[in-house]
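Colleague: Sequence first, predicted coordinates after that:
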Amino acid sequence: MVHHKIYRSLVCVSFLLFVSALADAQATRTWVSGVGDDVNPCSRTAPCKTFAGAISKTATNGEINCLDPGGFGAVTITKSITIDCEDTQGSILSAGTNGVIINITGTTDTKKAVKLRGISIDGAGTGINGVRIMAANIINIEQVVIDGVTQHGVSVEGQAQVVIMSSSIRSNGGSGVNVFLTSGTADVLVSGSSLTGNATGLNSSNGGTIRVGGSTIAYNTTGLAGAGKIFSYGNNILDANGTNGTPTSTTPLK
């Protein structure tokens with residue numbers, strides 16, 4: 001009996017230590033650095049090297065920050081999280097792949113919200129999509145540069161509310177912003193941003209609604225396209241495209 005009690009005690013202690021280790025591995029805030037290492041805990045004094053390394057050690061609804069300029073690699077996001085590299089020039093070189101994939105399907109993650117801020121995504125002429133949104137509720141993309149992918153700068157493929165602000169989406173083989181769903185609807189707001197040098201500036205197709213204000217859509221092969229809805233607030237620059245296209249409707253600013 002004594003041996004059994006000792007055994008049960010050891011099992012309980014081991015379980016508690018295991019749970020404690022898991023809790024330690026999921027920090028609310030983590031950091032990446034150009035001189036970091038993914039074996040680190042991603043703390044400020046021992047940062048990780050990549051977004052992929054940091055995201056596994058960041059709790060749901062937590063935040064990843066960049067300590068310094070660096071290329072932090074492509075990442076797949078499957079939980080609510082913020083990646084904020086404002087003023088530190090955090091970047092993703094996504095040659096041959098997608099820069100950021102967002103696919104949040106977990107039932108316990110009620111927010112299903114992602115914020116990307118202050119990041120440059122460079123497809124180097126062979127990247128696929130800059131940001132591919134497959135499943136989420138709310139996506140905020142702020143002060144993000146997406147350049148040189150073969151398909152779309154931002155590809156919205158699942159039901160979501162997407163806000164793109166103060167961003168530059170340029171020189172991509174497909175659309176700057178492309179909305180195409182197999183079912184359901186998506187609503188995208190583009191504000192204070194530029195979409196230049198793409199095959200298409202904004203494309204709204206199956207289930208898509210794009211609202212655009214204070215933005216520049218120029219030097220694309222086609223400015224606006226698609227069978228979906230594109231609502232303009234009447235304060236955009238839509239010019240110098242091969243074909244400008246026309247919005248579904250124009251709503252005066254209120």
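Modeller: Sure, I can see it.
Colleague: Just give the number of residues close to Thr196.
Modeller: Residues near Thr196, counting by other CB atoms under 10 Å, number 18. Bear in mind the C-beta positions are built from the backbone N, C-alpha and C, glycine included.
Colleague: how about it, what does it touch?
Modeller: 168-171, 176, 216-220 (CB atoms under 8 Å, 6 or more residues apart in numbering).
Colleague: before we move on, what about Ser205?
Modeller: 178-180, 226-228.
Colleague: From Thr110, how far off is it?
Modeller: Distance of Ser205 to Thr110, given as CB to CB, to the nearest Å: 29 Å.
Colleague: Quick one: the helices in this protein, in order.
Modeller: Taking DSSP state H, the helices of the chain run over residues 2-25, 51-55.
Colleague: Among the ones you listed, show the one with the smallest mean pLDDT.
Modeller: Across the helices of the chain, helix 2-25 has the smallest mean pLDDT, namely a mean of 48.
Colleague: Where does pLDDT dip in the stretch 1-150 of the chain?
Modeller: Residue ranges of the stretch 1-150 of the chain with pLDDT under 70: 1-25.
Colleague: And the strands in it?
Modeller: 27-32, 58-66, 70-71, 75-77, 81-84, 90-93, 100-103, 113-117, 119-127, 131-135, 138-142, 145-149 (DSSP state E, counting those that start in this stretch).
Colleague: With distance to Ala46 and mean neighbour count as extra columns, can I get those in a markdown table?
Modeller: A markdown table is the format used below for these (distance: least, CB to CB, whole Å; neighbours: other CB atoms under 10 Å):
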| stretch | distance to Ala46 | mean neighbour count |
| --- | --- | --- |
| strand 27-32 | 9 | 20 |
| strand 58-66 | 14 | 20 |
| strand 70-71 | 15 | 18 |
| strand 75-77 | 20 | 19 |
| strand 81-84 | 19 | 22 |
| strand 90-93 | 18 | 23 |
| strand 100-103 | 25 | 22 |
| strand 113-117 | 23 | 21 |
| strand 119-127 | 22 | 20 |
| strand 131-135 | 29 | 22 |
| strand 138-142 | 28 | 21 |
| strand 145-149 | 29 | 24 |
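Colleague: Can you lay out these as CSV showing distance to Asn244?
Modeller: Below are the strands of the stretch 1-150 of the chain laid out as CSV (distance: least, CB to CB, whole Å):
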stretch, distance to Asn244
strand 27-32, 41
strand 58-66, 38
strand 70-71, 36
strand 75-77, 34
strand 81-84, 34
strand 90-93, 31
strand 100-103, 30
strand 113-117, 29
strand 119-127, 25
strand 131-135, 25
strand 138-142, 24
strand 145-149, 22
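Colleague: what's the closest of the ones you listed to Gly234?
Modeller: strand 138-142 (23.0 Å; CB to CB).
Colleague: Contacts for that closest one next, please.
Modeller: 102, 111-118, 131, 133, 154, 160-167.
Colleague: quick one: strands adjacent to that strand?
Modeller: strand 113-117 (parallel), strand 161-165 (parallel) (DSSP bridges).
Colleague: Using a markdown table, please lay out those strands together with distance to Asn65.
Modeller: Shown next, in a markdown table, are those (distance: least, CB to CB, whole Å):
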| stretch | distance to Asn65 |
| --- | --- |
| strand 113-117 | 10 |
| strand 161-165 | 19 |
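Colleague: wait, what's in contact with Ile77?
Modeller: 55, 100-104, 114.
Colleague: which residues pair with it across the strands?
Modeller: Ile102.
Colleague: check contacts around the residue lying closest to Ala46 once chain neighbours are set aside.
Modeller: Nearest residue to Ala46 in three dimensions, chain neighbours excluded: Asn40, at 4.0 Å (CB to CB, 6 or more residues apart in numbering). Applying CB under 8 Å, 6+ apart to Asn40 gives the contacts 46-48.
Colleague: List buried residues within these.
Modeller: With burial judged by 16 or more other CB atoms under 10 Å, the buried subset of these is 47-48.
Colleague: Span of stretch 234-243 from start to end?
Modeller: With CA to CA, to the nearest Å as the measure, stretch 234-243 spans 18 Å from end to end.
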